[in-house]
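J.: Dropping the sequence and predicted coords here.
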Amino acid sequence: MSLMDTPRANRLHIGVYGKRNVGKSSLVNAITGQSIAVVSDVPGTTTDPVYKAMELHPVGPVVFIDTAGLDDVGHLGRLRVDKTREAAQKTDVALVVFTGEPDVEAEWVADLGRRGVPVVAVVNKADELADAEAVRAAVKARLRLDAVVVSARTGQNVAAIRDAILAELPDDEPVSITGALAEPGDLVLLVMPQDIQAPKGRLILPQVQTLRDLLDKKCLVMSCTTDRLAETLAALSRPPKLIITDSQVFPVVHAAKPPESLLTSFSVLFASYKGDIDAFVAGARGIDALTATSRVLIAESCTHAPLEEDIGRVKIPALLRRRFGETLQVDMLSGPGLLEDLDSYDLVIHCGGCMFNRRHVLSRIDEARAHGVPISNYGITIAHLSGILDQITLAPR
């Protein structure tokens, strides 16, 4: 990805679903005008989901997800369907492809509906089917979806799919990371410790995105490391309206900040920008119910080698065990996989989700909620454990 690319997590995710050999990969290639996916008449050609980031005019920056068949069979087939189910968690708009009357697709359409994911029904292979309109009528009668009839092979009516996707997009403008916390002309201080977790020669993604958000708002932005906070504040002609810091240094920055300055963290901002801030704050109350025999799952969106100062693997577990005892069990899940065995956990703590799109974070919140397990995120958890959650500023979405 070049420096000019929109990060995948900020792109509209369009998932393509259907049975084997209904032409999902051909459809992706036809919509994009590119040979993105391998096409074959052999059922089950697509195994793991294929992700392709691109610009789709007039929709904008998107990621197409070409998935395995919903009706795949056998042990490997079940594994492929699990990967498709995982892809559904991050889908913003779903294209469900039909070449016959719906059956297995009905379950998936219902599940997507429960998640609030809009579905565009597509009847493919119009040039080959004996009666494409009959299939369209069956989809409408069974699933109450008005399908677009196309032929990916010939390109017939494929452009109408883009119009259908556009019709499902919300009309409101993209949400700002800092919301109403910062306005044009406000002085904002970013306190960014450059520890072992900071990539050499660059800033981490939430810091970059927050900085860009503030510059777009025409704010006055200063930055410093934690050890230079006192000097930086002394050099300013007025206290900053807002201080944004790394959650792990919340107590230090809170103790040093001017009384009139609002305080939040990158993780707390992303709790609202990428997830559900109210759910995460409510989930933090579950921390107080933990005991020495509790089990906690820490889930992060990215995968990286363990580090000595790692916030998820080291610092948060240490804070929890300091309060509840060394026997408290903490498990780690890295990457986009499904949250499994949730019934065996007392609490889920999620990262800021900068590598996930919002739909994916919300799906994980829904998973935890369905199992009755409280879920919070890194920043909210650290603020709660530090006793300052009621003193930091949240940014409602």
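T.: That came in fine, so what should we check first?

J.: Could you use CA atoms for every contact and neighbour count after this?
T.: OK.

J.: Pull the contacting residues for Thr91.
T.: Under the criterion of Cα atoms under 8 Å, 6 or more residues apart in numbering, the contact partners of Thr91 comprise His13, Ile14, Gly15, Val117, Arg359, His360.

J.: what about the second one, which helix or strand?
T.: Just to be clear, that refers to Ile14. In the assignment (DSSP states H and E), Ile14 maps to strand 12-18.

J.: For that strand, give me every contacting residue.
T.: Applying Cα under 8 Å, 6+ apart, the set of residues contacting strand 12-18 from outside is 24, 28, 61-70, 87-88, 90-98, 105.

J.: any idea how far that strand is from the chain center?
T.: With Cα atoms, centre = their mean, to the nearest Å as the basis, strand 12-18 stands 15 Å off its chain's centre.

J.: tell me the mean pLDDT for it?
T.: Taken as a whole, strand 12-18 has a mean pLDDT of 95.

J.: Neighbouring strands - and their directions - for that strand?
T.: When pairing is defined by DSSP bridges, strand 12-18 lines up against strand 60-66 (parallel), strand 93-98 (parallel).

J.: which residues touch Gly113?
T.: The neighbourhood of Gly113, defined by Cα under 8 Å, 6+ apart, consists of Val119.

J.: backbone phi and psi for it, please?
T.: phi -60, psi -40 (degrees, to the nearest 10).

J.: start the count at 128, not 1, going forward
T.: New numbering, starting at 128: the last item is Gly240.

J.: Looking at the strands paired with strand 139-145, which is nearest to Leu341?
T.: Closest to Leu341 of these, according to Cα to Cα: strand 187-193, at 21.6 Å.

J.: Check what contacts that closest one and list those residues.
T.: Outside strand 187-193, the residues that touch it by Cα under 8 Å, 6+ apart are 133, 135, 138-144, 151-152, 155, 164, 173, 176-183, 214.

J.: Just the CA trace of the helix or strand just after that strand, in PDB.
T.: The element immediately downstream of strand 187-193 (helix or strand, assigned by DSSP H and E) is helix 201-215. Extracted in PDB, the C-alpha atoms of helix 201-215 (Å, rounded to 0.1, in the frame of the first residue of the first chain):
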ATOM      1  CA  GLY A 201     -16.600 -32.000   3.700                       C
ATOM      2  CA  HIS A 202     -14.100 -31.200   6.400                       C
ATOM      3  CA  LEU A 203     -12.200 -28.600   4.200                       C
ATOM      4  CA  GLY A 204     -15.500 -27.300   2.900                       C
ATOM      5  CA  ARG A 205     -16.700 -26.600   6.500                       C
ATOM      6  CA  LEU A 206     -13.400 -24.700   7.100                       C
ATOM      7  CA  ARG A 207     -14.000 -22.600   4.000                       C
ATOM      8  CA  VAL A 208     -17.500 -21.800   5.100                       C
ATOM      9  CA  ASP A 209     -16.100 -20.700   8.500                       C
ATOM     10  CA  LYS A 210     -13.800 -18.300   6.700                       C
ATOM     11  CA  THR A 211     -16.800 -17.000   4.800                       C
ATOM     12  CA  ARG A 212     -18.700 -16.500   8.100                       C
ATOM     13  CA  GLU A 213     -15.700 -14.600   9.400                       C
ATOM     14  CA  ALA A 214     -15.700 -12.400   6.300                       C
ATOM     15  CA  ALA A 215     -19.400 -11.700   6.900                       C
END
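
J.: so how far is helix 201-215 off the chain centroid?
T.: Taking Cα atoms, centre = their mean, one finds helix 201-215 lying 20 Å from the centre of the chain it belongs to.
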